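> Got a predicted structure plus its sequence, pasted below:
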Amino acid sequence: MIDFINSIVVLLNFIVIPGISYGSQLALGALGVTFVYAILRFANFAHGEIMSFGAMITILLTWFFQSQNINLGILPTALLALPIGILATIILCIISDKFVFQYYRYQKSVPVVLAMVSIGVMFVINAIIRIIIGTETIKFSDGQKFLIKVKQFKLMTGLNEGLALKSSQVITILITIVLLTFTFWFLQKTKTGKSMRAFSDNEDLALLSGINPDRVVFTTWVVVGVLACVAGSLYGLDKNYKPLIYLNLVLPIFASAIVGGIGNPFGAVVGGYIIAFSEIMITYAYKKFFVYLLPSPFEPSGLVQILSTDYKFAVSFSILVIVLLIRPSGIFRGRVL
């Protein structure tokens, strides 16, 4: 029985808790992509760099607060910088739309043109980030790193396997719950949210109903800016910030949105957790888990790993291809809010 509990702790440590945390980050990212696709009608490949930009501003402000000995005690100082990071990201999104996307929207350009334009925006934002903060890995978390430590857990329970719970993981999950709750409430209960849903469902009918399209577009970019900055900052806080990694994050984020049903906010959230758990479960080495679970003669000698962690993003790509072949509309059919 003790070995069984140890095996459960192993799964909690390396699959369940990291999966929920990473899934929350992907869910927020995919939700931002979904808003753009559902309302503005194009795939925004610059979303990963918008996340990176938001995280960069949060880091710069965190460094400033730390230099002034301003902190939140056991909580990361980044939480203090996050609101200003969100504001800066919203401004970036609005400027990008005003000087780039708006022109093509008024020209009634096809979605593929807007998607290609977003790739150009992606490279411009990436260049700005490299100039300002460089390309090195940056660790900016402070405060209390662990809420539950391995040694502490072992002493409390008497188990061989210790449980580690990082504060960044708990913060990620709690902020995601609050933000998702507010986003869905906003869409369902507010006048602006209902206007966005109507615009997404039928643009021509929405315009005939007197809905202001410029206001809808503006609100969309505000929501996207909030989601992108929070997702990017939480990812950096949890796993350290490296500008180049956000280019790679575009794949699992789009996979999450498409698997759930691109254009469907609930689908984007579900897709985020599906992709996160798939990546972790397929690339995790289960040797320790089976050592606890199986009798000695049957203990595995190898790692019991389906794929190396180097192929983590290949898992996202494979799931994306399978879903597009079998059910292109995703688990939850959509392009409606």
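Happy to help now that I have it. Numbers count the residues shown, from 1 in each chain.

> rest of the way, CA atoms for contacts and neighbours
Will do.

> Okay, now the unreliable bits of the protein?
For the chain, the stretches with pLDDT under 70 are 334-337.

> Tell me which residue of it is positioned farthest from its centroid.
Distance from the C-alpha centroid of the chain, by C-alpha atoms, centre = their mean, peaks at P297 (42.4 Å).

> got the contact list for stretch 119-126?
N44, F45, A46, H47, G48, E49, I50, F53, S96, P243 (C-alpha atoms under 8 Å, 6 or more residues apart in numbering).

> coming back round to it: residues touching the residue farthest from the centre of the chain, list them.
Neighbours of P297 in contact, by C-alpha under 8 Å, 6+ apart: none.

> Does it belong to a helix, a strand or coil?
With DSSP: H, G, I helix; E, B strand; the rest coil as the basis, P297 sits in helix.

> what's the answer for D142, then?
Put simply, D142 is coil when judged by three-state DSSP.

> Strands of the stretch 101-250 of the chain, start to end?
Ranges of strands within the stretch 101-250 of the chain are 146-148, 165-166, based on DSSP state E, counting those that start in this stretch.

> Could you check how far the closest residue to D238 other than its chain neighbours is from N6?
Among residues not flanking D238 along the chain, S168 sits closest, at 5.3 Å (C-alpha to C-alpha, 6 or more residues apart in numbering). As judged by C-alpha to C-alpha, to the nearest Å, S168 and N6 stand 24 Å apart.

> repeat for G85
Taken as C-alpha to C-alpha, the span from G85 to N6 is 41 Å.

> higher neighbour count, these two?
Shown here are G85 and N6; by other C-alpha atoms under 10 Å, G85 has more neighbours (28 against 20).

> who touches that one in this structure?
G54, A55, I57, T58, L61, C229.

> Tell me the one among the residues you listed nearest to A206.
C229 (29.4 Å; C-alpha to C-alpha).

> which residues touch that closest one?
Contacts of C229 by C-alpha under 8 Å, 6+ apart are I50, M51, S52, F53, G54, A55, L82, G85, I86, T89.

> With secondary structure added, can I get these in CSV?
Compiled in CSV, the contacts of C229 are given as follows (three-state DSSP):
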residue, secondary structure
I50, helix
M51, helix
S52, helix
F53, helix
G54, helix
A55, helix
L82, helix
G85, helix
I86, helix
T89, helix
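
> Would you convert these into TSV that also reports distance to V315?
Listed next are the contacts of C229 as TSV, based on distance: C-alpha to C-alpha, whole Å:
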residue	distance to V315
I50	24
M51	22
S52	23
F53	26
G54	27
A55	25
L82	31
G85	31
I86	31
T89	30
